[in-house]
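> coordinates only, sequence not included:
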């Protein structure tokens, strides 16, 4: 099973996981790492290494912000862990796509599907103006 690590600023990683699990059920082989205010880069790196070492095979790491500390720390770990994949901009549609298809799709198809789900999950609702005036009822 494809492993998943969600690493974000603050405590949003476990909370977004909880939200996704409300929809698609409890997930195995999925870990979260928080980067807390005041935490050192070395501590974050140590936590990420511990979590990566718990997982085997393909590991998809989702972060909140390109160029942020969680993202940059994972990029720095690629030399030691070339099997990890890093995707930024984590949102619930991405997680649902990943959880539903992580054992169904090949790695490259899965990565593309995750990114597409994340993009298509961003939507602005616009009210359609009615051609009938309220006072016509």
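Good, I have the coordinates. Keep in mind that this is a model prediction, so the values were computed, not measured.
> residue 61 and residue 83 touch, don't they?
No. Assessed by C-beta atoms under 8 Å, residue 61 is found out of contact with residue 83, at 10.6 Å. (Glycine included, C-beta is placed from N, CA and C.)
> which of these two has more neighbours?
Higher neighbour count among residue 61 and residue 83: residue 61, with 29 against 13, using other C-beta atoms under 10 Å.
> would that one count as being in a helix?
No. Read with DSSP: H, G, I helix; E, B strand; the rest coil, residue 61 is strand and lies in no helix.
> hey, what's it bridged with?
residue 5, residue 86 (DSSP bridges).
> contacting residues around it?
4-7, 74, 84-87 (C-beta atoms under 8 Å, 6 or more residues apart in numbering).
> end to end, how far does stretch 15-33 reach?
Start-to-end span of stretch 15-33 (C-alpha to C-alpha, to the nearest Å) is 11 Å.
> please identify the buried residues of that stretch?
16-17, 20, 27, 30-33 (16 or more other C-beta atoms under 10 Å).
> make CSV out of those residues and add secondary structure and pLDDT.
Converted to CSV, the buried residues of stretch 15-33 look like this (DSSP: H, G, I helix; E, B strand; the rest coil; pLDDT from 0 to 100):
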residue, secondary structure, pLDDT
16, helix, 98
17, helix, 98
20, helix, 98
27, coil, 97
30, strand, 97
31, strand, 98
32, strand, 98
33, strand, 98
